[in-house]
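1. predicted model and sequence follow; I will ask about them next.
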Amino acid sequence: DAGITQSPRHKVTETGTPVTLRCHQTENHRYMYWYRQDPGHGLRLIHYSYGVKDTDKGEVSDGYSVSRSKTEDFLLTLESATSSQTSVYFCAIRSDREGETQYFGPGTRLLVL
Amino acid sequence: GESVGLHLPTLSVQEGDNSIINCAYSNSASDYFIWYKQESGKGPQFIIDIRSNMDKRQGQRVTVLLNKTVKHLSLQIAATQPGDSAVYFCAENRGGNQFYFGTGTSLTVIP
């Protein structure tokens, strides 16, 4: 499982509330990613990080922010959740030993009412 | 826009038969591809990868074939087992840090 955990695993929240999802890795990988997975779409990249305090936007970054204050944790924040952000969110790491290969966490299922 | 990972949505196979799952990509600059397996309620699990300088790679019971001429990728699973039932999708790297993922094919193994 590449030592990746996500918390919470399930969350129900209301429109307009802030939500923070946490990704934690135990193997000191430099690159970390946040994706969302929705029916009819492949995984879509929200943001990624290439080091502490180094982040960049992905394909669907609007409405999301991220922070990485230490190597092991990558946080995804929905500043003001909307129903369109109901999704399953996956964190991934890129293995430093295996080139570009990405390994995924177990996911967080978020429902915005 | 460009299409990634066109899949048949479902595939049913008899236990013990071989399965072939296909993926088409449209970006000729893509140089690295991964097949993932995703079981219900779980995260995607790496199965096998292949680089564009190869046309075939084998793993344990799985083989990935890459045809760059027609931009086609396939995953072959030998002697399919009930535990192989899952959604399979391909991912392509067009260079840099971003992968593009297909929507997947749902494989059902009939005992």
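-> Everything's here; your move. Numbers count the residues shown, from 1 in each chain, chains lettered A, B, ... in the order given.

2. so where do the helices sit in chain B?
-> Assigned by DSSP state H, the helices in chain B number zero.

3. OK, contacts around A:Ala92?
-> The contact partners of A:Ala92, by C-beta atoms under 8 Å, 6 or more residues apart in numbering or on different chains, come to A:4, A:32-35, A:102-105. For the C-beta atoms, the positions are set from N, CA and C on the backbone; glycine is no exception.

4. switch to 7 Å and redo it
-> Applying C-beta atoms under 7 Å, 6 or more residues apart in numbering or on different chains to A:Ala92 gives the contacts A:33, A:35, A:102-105.

5. one more: A:Pro39?
-> Listed by C-beta under 7 Å, 6+ apart, A:Pro39 has no contact partners.

6. ok so, going back, for the contacts of A:Ala92, which two are the farthest from each other?
-> A:Tyr35 and A:Tyr103 (12.2 Å; C-beta to C-beta).

7. tell me, how many residues neighbour the nearest residue to B:Arg61 once chain neighbours are set aside?
-> Closest residue to B:Arg61 apart from its sequence neighbours, by C-beta to C-beta, 6 or more residues apart in numbering or on different chains: B:Ala78 at 4.8 Å. For B:Ala78, the neighbour count with other C-beta atoms under 10 Å in any protein chain shown is 14.

8. and B:Ala78, what pLDDT?
-> Predicted confidence (pLDDT) for B:Ala78: 97.

9. residues contacting the residue lying closest to A:Met32 once chain neighbours are set aside?
-> Closest residue to A:Met32 apart from its sequence neighbours, by C-beta to C-beta, 6+ apart: A:Phe74 at 4.1 Å. By C-beta under 7 Å, 6+ apart, the residues touching A:Phe74 are A:23, A:32, A:34, A:49, A:66, A:68, A:91.

10. quick check: mean pLDDT of the helix or strand A:Phe74 falls within?
-> Using DSSP states H and E, A:Phe74 falls within strand A:73-78. What strand A:73-78 shows for mean pLDDT is 98.

11. worst-scoring helix or strand of chain B, pLDDT-wise?
-> Least confident element among the helices and strands of chain B, by mean pLDDT, DSSP states H and E: strand B:4-6 (a mean of 50).

12. ok, the residue sitting nearest the centre point of chain A to A:Ala92 distance?
-> Note on chain A: the residue nearest the mean C-alpha position is A:Trp34, at 2.8 Å, using C-alpha atoms, centre = their mean. Per C-beta to C-beta, to the nearest Å, A:Trp34 is found 8 Å from A:Ala92.

13. same question, A:Thr15
-> Shown here: A:Thr15 relative to A:Ala92, a distance of 27 Å by C-beta to C-beta.

14. repeat that for A:Tyr103.
-> 6 Å.
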